[in-house]
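I need the structure of the sequence given here:
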Amino acid sequence: MNVKKEITMNWDEAPDTITPEIYAKIRGHSDNWARERFKEKNFPRIESGKMTADKTAVRLYDMGIIVKNNPKQSIEYLILLELQKLNKRSEKNDK
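This is a model prediction of the structure:
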């Protein structure tokens, strides 16, 4: 059952390696919903026997970009994210 909840964490606040519970907080869904997503065929889990995943790979997956299938598009998006971070830092320093 997918229960919508309040978003209590954003991508920047999350650690680099996330669990279904952290993913649920980011997306504003139930823990059960997040665990089901982690079980999907192409979900970018880290193969460690645990339900963990790289935060950036999951973010790309949510956007429909499967890193294994679209490495060029993935790299372009990562560059965009880094440029956005640089711009935010630059704006803070200008104030």
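
switch to C-alpha atoms for all contacts and neighbour counts from now on
OK.

what pairs with residue 45 across the strands?
residue 53 (DSSP bridges).

I figured it hits residue 56, correct?
No. The pair residue 45 / residue 56 is not scored as a contact, 11.4 Å apart, by Cα atoms under 8 Å.

so where's the protein uncertain?
1-3, 48-49 (pLDDT under 70).

Show me the longest helix that occurs in it.
helix 71-94 (DSSP state H).

How about that helix, which residues are buried there?
residue 74 (16 or more other Cα atoms under 10 Å).

ok, residues contacting it?
60, 65, 66, 67 (Cα atoms under 8 Å, 6 or more residues apart in numbering).

got it, and stretch 60-70?
So stretch 60-70 is contacted by 42, 43, 44, 57, 73, 74 (Cα under 8 Å, 6+ apart).

so which of those comes closest to residue 17?
Taking Cα to Cα as the measure, residue 17 lies nearest residue 57 of those, at 9.8 Å.
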